[in-house]
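Undergrad: Just a sequence and a predicted model for now, questions to come.
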Amino acid sequence: MASKKPSATVRLVAPETDKTEPKAEVVVQEAAPPSPPPVPVRRIERQGGKAEPYVHKYPEIRGGVCEYHGTMDPNLPSQYQYKLCDHFRGEQMRCSYCPESKDPDEVINQTILHVYDHPTDPLLKVAVCSTYECNKKHQERFQMSA
Ligand SMILES: [Zn+2]
Ligand SMILES: [Zn+2]
């Protein structure tokens, strides 16, 4: 009796491994846990609230003269005096609301300029001359009580 051999001898042929091939070294680096990005702190803008936003106000520039420092150099015209004081040193102020056609020095010379920090942009100042039109524009914009 010829016992039937299993007809198929299953030879598992392992895939040839070329041992000469240098294995790429896998350097497992412990990845540092990514630090969370800084979360910007955002405040909520409130519009239409009754409370006026705190706005830093500078001394008034009266006819070009800082109300705090006064005349700095009597040899200079008054509209340049504020440029010498610590508040506005070297700055060319001009009313934020006057039309472009107006000469800023003339406006400064003839009016009282109210200067504020811009409520939302730290790089800007807002200046308002004492004309009715500009005050109106400013108050409407920032909803300030007169
Ligand atoms: Zn000053
Ligand atoms: Zn103006």
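TA: Arrived safely, thanks for sending. Numbers count the residues shown, from 1 in each chain. Ligands and ions are numbered 1, 2, ... in the order given.

Undergrad: alpha carbons only for contacts and neighbour counts from here, please
TA: OK.

Undergrad: need the longest helix for this structure.
TA: helix 132-142 (DSSP state H).

Undergrad: What parts of the chain come near ligand 2?
TA: Residues of the chain that fall close to ligand 2, judged by C-alpha under 5 Å from the ion: Cys95, Tyr97, Cys98, Cys129, Cys134.

Undergrad: what's the fourth one in contact with, if anything?
TA: If I follow you right, that is Cys129. Cys95, Tyr97, Cys98, Val107, Ile108, Thr111, Ile112, Leu113, His114, Asn135 (C-alpha atoms under 8 Å, 6 or more residues apart in numbering).

Undergrad: packing partners for the longest strand along the chain?
TA: For the chain, the strand that runs over the most residues, judged by DSSP state E, is strand 112-117. Applying 3 or more C-alpha pairs under 8 Å, 6 or more residues apart in numbering; DSSP states H and E, one finds that strand 112-117 makes contact with strand 61-62, strand 125-128.

Undergrad: Which one of those strands lies nearest to Ser35?
TA: strand 125-128 (36.8 Å; C-alpha to C-alpha).

Undergrad: What is that closest one packed up against?
TA: By 3+ C-alpha pairs under 8 Å, 6+ apart, strand 125-128 packs against strand 112-117, helix 132-142.

Undergrad: ok, Trp132 to Asp73 distance?
TA: Not Trp; residue 132 is Tyr. As for Tyr132, its distance to Asp73 is 30 Å (criterion: C-alpha to C-alpha, to the nearest Å).

Undergrad: Who has more neighbours out of those two?
TA: Asp73 (13 against 10; other C-alpha atoms under 10 Å).

Undergrad: tell me which element that one falls in.
TA: Following DSSP states H and E, one finds Asp73 outside all helices and strands.
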